[in-house]
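# the amino acid sequence is not available; the structure is as follows:
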């Protein structure tokens, strides 16, 4: 049991053996492991072996909580002014294709009086990263030292930045090794990685967008729900009001995929002109946070308040000020936020645009986000390994939507690219992403499957 703590250090091979054989690790043993990772007193091979043992045997809820706490305490834990008590909130998404929700939600929450220190990541494989999207705006700096972050939060209310060197250093090591050892999809390891970073942000409330489907980490609802419950349980045990939304991730979210195109689409949302699916996720996730912080009396009220900030321009104003706070020129920020903005006067446009046309008439039954994202990744929009540079202007715009009737030869996808031409193979791949059929075959389940508010 976790109550019985040994005082002397258990040797690392013995810790690995215990977990390999499915035994429970004590808080002290988990602390030794995390400290060993942080101070490099444990070999990489041993860390890899422990990660695989955890992947194979799993962890009890109290082990997962101990792992998360120890990872969180491996670096600095942020502190906020006392007058912000109850108002510091964040949202985390498990990742998808075309997921630009953070760019709209952070300023919307700031417009409601919340403080949003959003610490985001970069894209890898077919999943886009919020930081990459923001960096397509010239001058925007996602590396902000602590005191500058605090100043932007004080003046604007939201800030979207990368993980600093001294925030959860143990996670950086484990994250890279999980990738190398094929242990990415372990429930306790995912929980520890996500929640240690959120715990170090010293949040009052957190909402998780846990995605399932073809373009998500977990394909099926039941696996995603287990992850959501693990994250919610650990978050609440850390003293953070934590809720989750289970949302489908098959088709891209919104109409655009690719960094600068997604910034344009986010700005359109902030001007009250966004697609319904983005609006649904932004208002629901924001509504859950407003309910948990006591800023709204009910979920419906919370959703209405968030939607209001997108209609009245208050969220757009917060985004403009956040851009300026993070280094964008005042004139460029004003241009992007103007009502009839010429976005390409500020953002770079790809050299080539090509429209793909439908090969037959029919009803749009499916648009496979993964297929589109994988082709775009090869065209330079994404990375296959950490640290690769990407081309922010590469992307695609959907010209049709689910359930739409289309004619043969109708443009359905506009690809923005830099290489001289799309290869025949890439065209074939992209055409495979579109499924057409008869209207009676159309089955569109709701975007959100479940909301978990403890």
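Yep, it's here. In this text the structure is predicted, and so the values were computed from the model without any measurement.
# quick one: the closest residue to residue 137 other than its chain neighbours from residue 358, how far?
Leaving aside its sequence neighbours, residue 137 sits nearest to residue 328 (C-beta to C-beta, 6 or more residues apart in numbering; 5.8 Å). For glycine as for every other residue, the C-beta is placed from the backbone atoms N, C-alpha and C. Per C-beta to C-beta, to the nearest Å, residue 328 is found 39 Å from residue 358.
# same check on residue 88?
48 Å.
# who's in contact with residue 292?
Going by C-beta atoms under 8 Å, 6 or more residues apart in numbering, residue 292 touches 205, 207, 241, 242, 243, 453.
# okay if I get these as a markdown table plus secondary structure and distance to residue 250?
Output for the contacts of residue 292, formatted as a markdown table (DSSP: H, G, I helix; E, B strand; the rest coil; distance: C-beta to C-beta, whole Å):
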| residue | secondary structure | distance to residue 250 |
| --- | --- | --- |
| 205 | strand | 29 |
| 207 | strand | 22 |
| 241 | strand | 30 |
| 242 | strand | 26 |
| 243 | strand | 23 |
| 453 | coil | 25 |
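# buried among these? Need that as a selection in PyMOL.
Buried members of the contacts of residue 292, defined by 16 or more other C-beta atoms under 10 Å, are picked up in PyMOL with:
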select buried, resi 205+207+241+242+243
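# could you dump the contacts of residue 292 into TSV and include pLDDT and distance to residue 313?
TSV is the format used below for the contacts of residue 292 (pLDDT from 0 to 100; distance: C-beta to C-beta, whole Å):
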residue	pLDDT	distance to residue 313
205	99	25
207	99	24
241	98	29
242	99	31
243	99	28
453	96	29
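# for residue 283, state which of the contacts of residue 292 is nearest.
residue 207 (11.9 Å; C-beta to C-beta).
# which of the residues in the least confident helix or strand in the chain by mean pLDDT are buried?
The helix or strand of the chain with the poorest confidence is helix 169-181; it has a mean of 90 (mean pLDDT, DSSP states H and E). Buried residues in helix 169-181, counted by 16+ other C-beta under 10 Å: 169, 170, 171, 172, 173, 174, 175, 177, 178, 181.
# quick one: whatever helix or strand comes next after that helix to helix 169-181, angle?
For helix 169-181, the following helix or strand on the C-terminal side (DSSP states H and E) is helix 187-200. Computed by axes from the mean of the first three to the mean of the last three C-alpha atoms, to 10 degrees, the angle separating helix 187-200 from helix 169-181 equals 150 degrees.
# helix 187-200 packs against which elements?
helix 44-57, helix 61-72, strand 89-93, helix 169-181, helix 221-237 (3 or more C-beta pairs under 8 Å, 6 or more residues apart in numbering; DSSP states H and E).
# so it versus strand 89-93, what angle?
Using the same axes, to 10 degrees: helix 187-200 against strand 89-93 is 150 degrees.
# who does the most centrally placed residue in the chain bridge with?
Geometric centre of the chain, nearest residue: residue 93, 3.6 Å, by C-alpha atoms, centre = their mean. Here residue 93 shows beta-bridge partners residue 209, assigned using DSSP bridges.
# start the count at 560, not 1, going forward
Renumbered: residue one is now 560, and that last one reads residue 652.
# give me phi/psi at the nearest residue to residue 775 once chain neighbours are set aside?
Spatial nearest neighbour of residue 775, chain neighbours left out: residue 808 (4.0 Å); criterion: C-beta to C-beta, 6+ apart. Main-chain dihedrals, residue 808, degrees, to the nearest 10: phi -130, psi 80.
# in contact with residue 808: list those residues for me.
Residue 808 is in contact with 655, 656, 658, 770, 771, 772, 773, 774, 775, 928, counting by C-beta under 8 Å, 6+ apart.
# cutoff 10 Å now
Listed by C-beta atoms under 10 Å, 6 or more residues apart in numbering, the contact partners of residue 808 are 652-658, 686, 768-778, 783, 928-929, 1006.
# in helices, which of these fall?
Applying DSSP state H to the contacts of residue 808, the entries found in helices are 783, 928, 929.
# can you read off the pLDDT for the last one?
I take that to be residue 929. Looking at residue 929, its pLDDT reads 94.
# any idea how far it is from residue 855?
35 Å.
# for residue 912, same thing?
42 Å.
# who's more crowded, the two?
More crowded of residue 912 and residue 855, by other C-beta atoms under 10 Å: residue 855, with 21 against 12.
# tell me which residues touch the nearest residue in space to residue 686 that is not next to it in sequence, please.
In space, residue 686 comes closest to residue 654 once its chain neighbours are excluded; the distance is 4.0 Å by C-beta to C-beta, 6+ apart. Residue 654 makes contacts with 680, 682-689, 768, 770, 774-776, 808, as judged by C-beta under 10 Å, 6+ apart.
# what do you get for residue 766?
Counted by C-beta under 10 Å, 6+ apart, residue 766 has contacts 648-652, 664, 668, 791, 794, 800-804, 843-851, 1010-1012.
# same thing with residue 575?
Residue 575 neighbours (C-beta under 10 Å, 6+ apart): 592, 601, 604, 605, 606, 607, 608, 609, 610, 611, 612, 613.
# switch the cut-off to 6 Å
608, 609, 612 (C-beta atoms under 6 Å, 6 or more residues apart in numbering).
# quick check: which element contains it?
helix 571-579.
# run the chain-centre distance for that helix.
33 Å (C-alpha atoms, centre = their mean, to the nearest Å).
# what average pLDDT does that helix get?
pLDDT averaged over helix 571-579 gives 96.
# now swap in stretch 835-849 and tell me
Stretch 835-849 comes out at a mean pLDDT of 98.
# ranges for the strands of the stretch 760-909 of the chain?
Using DSSP state E, counting those that start in this stretch, the strands of the stretch 760-909 of the chain run over 764-771, 800-807, 815-816.
# closest one to residue 693 among the ones you listed?
Closest among these, using C-beta to C-beta: strand 815-816, at 14.8 Å.
# distance from that closest one to the middle of the chain?
With C-alpha atoms, centre = their mean, you get 15 Å for strand 815-816.
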